[in-house]
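Asks: A structural model of the following input is requested.
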Amino acid sequence: MSEQSANTDYESASSNLNETVAEFEDTRKGLIGKLQHVLHVNPALVPLIVLVASIILFGMLVGQRFFSPFAMTLILQQVQIVGIVAAAQSLVILTAGIDLSVGAIMVLSSVVMGQMVFSYGIPVELAILCGLLVGLICGVMNGWLVAYMKLPPFIVTLGMWQIVLASNFLYSANQTIRSQDIEDTAPLLQVFGTKFQVGGATLTLGVIFMLALVFTLSYALKHTAWGRHVYAVGDDPDAAELSGVNVKGTLMSVYILSGLICAFAGWAMVGRIGSISPTVGQLANIESITAVVIGGISLFGGRGSILGALFGALIVGVFTLGLRLMGADAQWTFLLIGLLIIAAVAVDQWIRKVSA
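Replies: Numbers count the residues shown, from 1 in each chain. Got it, this is the predicted structure:
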């Protein structure tokens, strides 16, 4: 056999082998692989599908009243506080951190606003600024300990949660400021509870603020350099730093913004419940993490959409209202939400394999 003939046979065999390998890889990917890739590129798609399916399911079980504008907007009103806090939690978790102090910061900010007005006679506008400043300072402390002292976010925010919680009760002397007193003296504190009609739906300024916040942060994360840096830090901080990303500055900005958002949540909470109490909203940290996880944001950081956190909060709201209208025991809500959390983490692990 000539050398030319041998080369020709070798090239032919190599070509056939390459085609066989290519066909094997395409077959291996198939429909499941394509679905996995789509969900990886669009992390908010899974919670959106679950949300729509949940609404359809409870609509079939409960009846037409579940699809009424009143019921749909009632869900939005019920999740507005969790949605705002979940937005703050999402920013931290995207950097592969976690913030256990969000609920305590929210409550302390609202207590400071109330005490400044009713105990010290400070004008309500200045009192609100003081409450927002408290949230900002808490965020600065969390960010500095995580970014510059290199302490684990879980430990830092767990400690901050205890410190802020104790400060909250000590500062307020465990006193509740009544709704009627706020309405008579400082109605601006309840502004987020202002209701207005849109067709047959009833919305509040708190709901509008939540939606505006989520869409603004979603745009910033997707279309700005800061947003790309947040994802980069969450994915691999060492690689991000080598690429020129200011990792410490990015972490500081995330925790500061988280604290400020929680302070706004405290202001919105006054509008939602009417009164100011140091004992309300203590589970906001767990509820926000629940919304984030169900919303498809990876606890390992670097992947997810803040819109998903909103969908996650709405899923919890749909399940809560749907089961209530069905007359089911409230414990069923916790059971189903627990299953959703585990399922969401399992799906996240499966989706992450596409980038492995």
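
Asks: quick check: Ala328 is in a helix.
Replies: No - assessed with DSSP: H, G, I helix; E, B strand; the rest coil, Ala328 is coil; it does not lie in a helix.

Asks: quick one, phi psi at it?
Replies: phi -80, psi 160 (degrees, to the nearest 10).

Asks: kindly tell me how buried Tyr171 is, as a neighbour count.
Replies: Applying other Cβ atoms under 10 Å, we find 16 residues neighbouring Tyr171. C-beta here means a position set from N, CA and C on the backbone, and glycine is covered the same way.

Asks: buried residues of the helix or strand encompassing it, list them for me.
Replies: For Tyr171, the element it lies in under DSSP states H and E is helix 153-172. Using 16 or more other Cβ atoms under 10 Å as the test for burial, helix 153-172 gives 153, 156-161, 164-165, 167-168, 171-172.

Asks: contacts only, for the residue nearest the centre of the chain.
Replies: Centroid-nearest residue in the chain: Ala86, 3.0 Å away (criterion: Cα atoms, centre = their mean). Contact analysis of Ala86 by Cβ atoms under 8 Å, 6 or more residues apart in numbering lists Glu287, Ser288, Ala291, Val292, Gly295, Ala309, Leu310, Gly312, Ala313.

Asks: one step back: chain center to the following helix or strand past the helix holding Tyr171: distance?
Replies: Sequence-wise, the next helix or strand downstream of helix 153-172 (DSSP H and E) is helix 179-185. Relative to its parent chain, helix 179-185 has a centroid offset of 32 Å by Cα atoms, centre = their mean, to the nearest Å.

Asks: over to stretch 279-295?
Replies: Counting by Cα atoms, centre = their mean, stretch 279-295 comes out at 9 Å from the chain centroid.

Asks: sketch out the low-pLDDT regions of this protein for me.
Replies: 1-29, 35-36, 39-40, 352-356 (pLDDT under 70).

Asks: and the helices in it?
Replies: Counting by DSSP state H, the chain has helices at residues 3-41, 45-62, 69-94, 102-118, 124-147, 153-172, 179-185, 205-223, 225-235, 237-242, 247-273, 284-294, 306-326, 331-352.

Asks: so which of those gets nearest Phe196?
Replies: Checking the helices of the chain against Phe196 by Cβ to Cβ gives helix 205-223 as the closest, at 8.1 Å.

Asks: buried set for the closest one?
Replies: Here helix 205-223 shows Leu205, Gly206, Val207, Phe209, Met210, Leu213, Val214, Leu217, Ser218, Ala220, Leu221 as buried, counting by 16+ other Cβ under 10 Å.

Asks: same list (those residues) but as CSV, adding distance to Gly199.
Replies: What follows is those, written out as CSV (distance: Cβ to Cβ, whole Å):
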residue, distance to Gly199
Leu205, 17
Gly206, 19
Val207, 15
Phe209, 20
Met210, 20
Leu213, 24
Val214, 22
Leu217, 28
Ser218, 26
Ala220, 31
Leu221, 32
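
Asks: between those, which is nearest Arg272?
Replies: Nearest to Arg272, judged by Cβ to Cβ, of the buried residues of helix 205-223 is Gly206 at 5.9 Å.

Asks: who's in contact with the closest one?
Replies: Shown in contact with Gly206 (Cβ under 8 Å, 6+ apart): Gln77, Gln80, Ile81, Ile84, Phe192, Gly193, Ala268, Gly271, Arg272.

Asks: excluding chain neighbours, what is closest to the fifth one?
Replies: If the residues on either side of it in the chain are set aside, Phe192 comes closest to Gly271, at 3.3 Å by Cβ to Cβ, 6 or more residues apart in numbering.

Asks: okay then, goodbye and thanks.
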